[in-house]
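Asker: Sequence and predicted structure below; questions after.
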Amino acid sequence: MAEEKTGSSTVLVVDDKPSIIELVSIVLEDDGFNVITATDGESCLKLANEKKPDCILLDLLLPGEKGFETLTELGKSDNTKDIPVIIMTGKSSADDLKEALSLGAVNYINKPISDTKIISEKINNVLKSGKLIKKRKKTILLVDDVPNILKFVKITLAQDGFDVLTAEDGETALEIAATKKPDLILLDIMMPGKSGFSVCEELKQSEFTKDIPVIMLTAKSSTDDVKKAFATGAVDYIRKPIVEYETLLTKVKKALNL
């Protein structure tokens, strides 16, 4: 392992394959990171608690499905819950990625790693996001009638330092928006009662909420629905299901001028 660089960010790389650890370590050290390594979940948890790395690269497919267990334990501990975790995975299942993100992962890298530049890029993006958000914690109101989506998006945004308020219907969303004045609203289009379109129109008609940016969440792919979202006052839209958390974070940061 290279000599530790004073003032550089430290990355904990966790993988049971020595070839992967060697490859990733070389790339990160060449890009100026300090690197510590572990080959199993137990060693990962021990090092994370002792060394407090700035970021963790965690193989999701550790023997015995230990990647998921390790991710869960990292999120439970007060000592490690705020360390951003990027998962490395050969799995392409949307359900696996969704589960990992819901457990606290902030991003992922597909294996085999064909372009090694993406490793440092994703780590730098995560670390930069954390520093920007810490300057002033932003509040996001998330509106969706599906509890699992509320839970998943809330956990992932909170992991990046946002305060997240939630509402399951339009009327509640309007009330929270008026009283709490969030910095951004993520608003589902398809909800029982008031639709997202109606809620957005009312938000833009009120002096108290008209300046709050709104990003629409939609499972629809119709161009007309996207046009209508912008026509009602939305600044952007995100298609559901949300698998690419990086896309969500990028759009949130853009709307908040971060």
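Answerer: Everything's here; your move.

Asker: Just the strands from the stretch 1-150 of the chain, written as ranges.
Answerer: Shown for the stretch 1-150 of the chain, the strands assigned by DSSP state E, counting those that start in this stretch span residues 10-14, 34-38, 55-59, 85-89, 107-110, 139-143.

Asker: so which of those gets nearest residue 213?
Answerer: strand 139-143 (10.2 Å; Cβ to Cβ). Any C-beta I mention is one placed from the backbone N, CA and C, and that applies to glycine too.

Asker: other SSEs contacting the closest one?
Answerer: On a contact count with 3 or more Cβ pairs under 8 Å, 6 or more residues apart in numbering; DSSP states H and E, strand 139-143 meets helix 147-159, strand 163-167, helix 170-180, strand 184-188.

Asker: Mean neighbour count, these: which tops it?
Answerer: Ranked by mean neighbour count, those are led by strand 184-188 with a mean of 26 (mean count of other Cβ atoms under 10 Å).

Asker: one step back: in TSV: the strands of the stretch 1-150 of the chain, plus mean pLDDT, distance to residue 228 and mean neighbour count.
Answerer: Formatted as TSV, the strands of the stretch 1-150 of the chain follow (pLDDT from 0 to 100; distance: least, Cβ to Cβ, whole Å; neighbours: other Cβ atoms under 10 Å):
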stretch	mean pLDDT	distance to residue 228	mean neighbour count
strand 10-14	96	44	25
strand 34-38	96	49	21
strand 55-59	95	40	27
strand 85-89	90	36	23
strand 107-110	87	31	20
strand 139-143	95	17	23
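
Asker: Same list (these) but as CSV, adding distance to residue 157.
Answerer: Output for those, formatted as CSV (distance: least, Cβ to Cβ, whole Å):
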stretch, distance to residue 157
strand 10-14, 23
strand 34-38, 28
strand 55-59, 18
strand 85-89, 15
strand 107-110, 13
strand 139-143, 6
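
Asker: can you tell me which of those comes nearest to residue 240?
Answerer: strand 139-143 (12.5 Å).

Asker: Show me the shaky parts of the chain.
Answerer: 1-7, 65, 91-93, 130-136, 220-221, 243 (pLDDT under 70).

Asker: got the domain boundaries for it?
Answerer: Here the domain parsing of the chain from automatic domain parsing is 10-132, 136-255.

Asker: Run the chain-centre distance for the first one.
Answerer: Put simply, domain 10-132 sits 14 Å off its chain's centre (Cα atoms, centre = their mean, to the nearest Å).

Asker: that older thread, any chance of the helices and strands packed on strand 139-143 in JSON lines, plus distance to residue 118?
Answerer: Shown next, in JSON lines, are the helices and strands packed on strand 139-143 (distance: least, Cβ to Cβ, whole Å):
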{"stretch": "helix 147-159", "distance to residue 118": "20"}
{"stretch": "strand 163-167", "distance to residue 118": "28"}
{"stretch": "helix 170-180", "distance to residue 118": "37"}
{"stretch": "strand 184-188", "distance to residue 118": "27"}
